[in-house]
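> pasted the sequence and its predicted model underneath.
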Amino acid sequence: MNNQINRQWRLRQRPSGALQENDFAWHEEAVPEPGPGQVLVRNLYLSLDPANRGWINDVPTYRAPVPVDGVMAGFAIGQVVAAEREGFAPGDMVEGDGGWQDYALYDAGASLRRLPADDDPLARISVLGVTGKTAYWGLKDIGEPQAGETVVVSAAAGAVGSLAGQIARIHGCRAVGLAGSDDKCRWITDELGFDAAINYKSENVMAALKQH
């Protein structure tokens, strides 16, 4: 692997306000060789999520902040290239915190999950991934929707909101979504099955909520 290059995006500095291009730095280095207990994975799919923004603040959340000059963190699906860890073999499809890079080296204690051979990686990183789980557990366990209730979803055309509205409908609720354009409003009602949509940029939101 030493003759191959691992391309990475690293955190160059803590951002202030909106992200800027110079908050990140491009870096290239040799692909590492796995040692005892380690697994080398070539990342194939990377999930870019709103939570990424919180991870680069110098404030611990459910995970430690990404260190300055560290590889930007991100959920990834990839294929095992080499493994020195029981339960993994070259060719296995896996999911884990692979980061913004071509190759991720997982230590012995790092969380890494082998996927079924017939798994759909695009579904695994979307509806069955971080955003899908956020929508499912957030609405089902925290919201506890009951049939006949009305569920209002902000950012309803987004990755989490679009799923949350559909889950609400499955539970027998009326789903009203807020989105930022007429096209997005048509999409969530015509294709996703929301009962109503509000364009928060062109409508009076409070009046529209009373209407719906």
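Good, I have the coordinates.

> residue 176 touches residue 189, doesn't it?
No: the criterion here is Cβ atoms under 8 Å, and residue 176 misses it with residue 189 at 9.8 Å. Quick note: C-beta positions are derived from backbone N, CA and C, even for glycine.

> intersection of neighbour lists for those two?
Residues touching both residue 176 and residue 189 (Cβ atoms under 8 Å, 6 or more residues apart in numbering): 195-197.

> which stretches of this structure form helices?
51-55, 121-124, 130-137, 159-170, 182-190, 205-211 (DSSP state H).

> pick the most buried one from the ones you listed.
helix 159-170 (a mean of 22; mean count of other Cβ atoms under 10 Å).

> hang on, the earlier thing: dump the shared contacts of residue 176 and residue 189 to TSV, plus pLDDT and neighbour count.
As requested, the shared contacts of residue 176 and residue 189 are exported to TSV (pLDDT from 0 to 100; neighbours: other Cβ atoms under 10 Å):
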residue	pLDDT	neighbour count
195	98	17
196	98	17
197	98	27
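
> quick revisit: residue 77 is nearest to which of the helices of the chain?
Smallest distance to residue 77 across the helices of the chain (Cβ to Cβ): 4.9 Å, for helix 121-124.

> tell me what the closest one is packed against?
The contact analysis (3 or more Cβ pairs under 8 Å, 6 or more residues apart in numbering; DSSP states H and E) places helix 121-124 against strand 39-47.

> what residues sit buried inside the strand it packs on?
By 16 or more other Cβ atoms under 10 Å, the buried positions in strand 39-47 come out as 39-43, 45-47.

> partner strands of that strand, with direction?
The strands beside strand 39-47 in its sheet (DSSP bridges) come out as strand 75-83 (antiparallel), strand 103-106 (antiparallel).

> can you tell me which of those strands is nearest to residue 69?
Of these, the one closest to residue 69 (Cβ to Cβ) turns out to be strand 103-106, at 16.8 Å.

> follow-up on the earlier one: hmm, which two among the buried residues of strand 39-47 are most spread apart?
Based on Cβ to Cβ, the longest span within these runs between 40 and 47 and measures 20.1 Å.

> before we move on, back to that, and the strands paired with strand 39-47, which is most packed in?
It is strand 103-106: most buried of the strands paired with strand 39-47 by mean count of other Cβ under 10 Å, with a mean of 22.

> count the residues that sit near residue 68.
13 (other Cβ atoms under 10 Å).

> start at 33 instead
Noted, 33 is the first residue going forward, which turns the last one into residue 100.

> surely it meets residue 44?
Yes: look at residue 100 against residue 44 with Cβ under 8 Å: they come within range, at 7.2 Å.

> now do the shared contacts for these two.
By Cβ under 8 Å, 6+ apart, no residue touches both residue 100 and residue 44.

> if we can go back for a sec, reformat the helices of the chain as a markdown table; add mean pLDDT and distance to residue 133.
Formatted as a markdown table, the helices of the chain follow (pLDDT from 0 to 100; distance: least, Cβ to Cβ, whole Å):
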| stretch | mean pLDDT | distance to residue 133 |
| --- | --- | --- |
| helix 83-87 | 92 | 14 |
| helix 153-156 | 92 | 18 |
| helix 162-169 | 93 | 18 |
| helix 191-202 | 97 | 22 |
| helix 214-222 | 98 | 32 |
| helix 237-243 | 97 | 41 |
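
> in TSV, list the ones you listed along with distance to residue 106.
Listed next are the helices of the chain as TSV, based on distance: least, Cβ to Cβ, whole Å:
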stretch	distance to residue 106
helix 83-87	6
helix 153-156	14
helix 162-169	10
helix 191-202	14
helix 214-222	25
helix 237-243	33
